[in-house]
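A.B. asks: sequence-free structure coming up:
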């Protein structure tokens, strides 16, 4: 996948897709790490008034996925997520949530990424996330 590995390029890449619609902004892209944030808005809340778990997972999954793209091995074409897991430890009703994803394993056929989602103002952990991605290569 040929996308420059900069926050601006990833923000443009996702602008018309789910990350853009949810307001996710990529802040940092570096080897084995990606950071982003998302403002808490009414459309990201569950009917009970708290942040919807799906909104949190989308932020974490976007960070891990973009991290994978920026760390694809030579000759790889793309990736697909084969497993994800999240543990939700808190929530937010306003403000901004932040996420930092870090590579745990950057293999030739799989990558594993951990992501921590926090309340930006308080630093309180909202969720811990792990996903495994399968690296895709062009057909020979």
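C.D. replies: Arrived safely. Just so we're clear, the structure is a prediction, and the values are computed from it rather than from any experiment. Numbering: from 1, shown residues only.

A.B. asks: And the next helix or strand past the biggest helix by length in the chain?
C.D. replies: As assigned by DSSP state H, the longest helix anywhere in the chain is helix 53-69. Toward the C-terminus, helix 53-69 is succeeded by strand 78-88 as the next helix or strand (DSSP states H and E).

A.B. asks: Partner strands of that following strand and their direction?
C.D. replies: Within its sheet, strand 78-88 is paired with strand 125-136 (antiparallel), according to DSSP bridges.

A.B. asks: Taking their axis directions, the strand it pairs with and helix 53-69 sit at what angle?
C.D. replies: 40 degrees (axes from the mean of the first three to the mean of the last three Cα atoms, to 10 degrees).

A.B. asks: and strand 125-136, how far from the chain's centre?
C.D. replies: 8 Å (Cα atoms, centre = their mean, to the nearest Å).

A.B. asks: Now that strand: buried residues?
C.D. replies: Judged by neighbour count using 16 or more other Cβ atoms under 10 Å, the buried positions of strand 125-136 are 126-127, 129-133, 135. (Each C-beta comes from the backbone N, C-alpha and C, glycine too.)

A.B. asks: Likewise for stretch 96-115?
C.D. replies: Buried-residue list, stretch 96-115, by 16+ other Cβ under 10 Å: 97-103, 106, 111-115.

A.B. asks: In strands, which of these appear?
C.D. replies: 97-103, 106, 111-115 (DSSP state E).

A.B. asks: Would you reformat those residues as a markdown table and include distance to residue 85?
C.D. replies: Shown next, in a markdown table, are those (distance: Cβ to Cβ, whole Å):
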| residue | distance to residue 85 |
| --- | --- |
| 97 | 18 |
| 98 | 20 |
| 99 | 15 |
| 100 | 17 |
| 101 | 14 |
| 102 | 16 |
| 103 | 16 |
| 106 | 19 |
| 111 | 15 |
| 112 | 11 |
| 113 | 11 |
| 114 | 10 |
| 115 | 11 |
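
A.B. asks: Determine which two of those are furthest apart.
C.D. replies: 97 and 106 (25.7 Å; Cβ to Cβ).

A.B. asks: quick one: low-confidence parts of the protein?
C.D. replies: Low-confidence segments of the chain (pLDDT under 70): 1.

A.B. asks: Lovely, talk soon.
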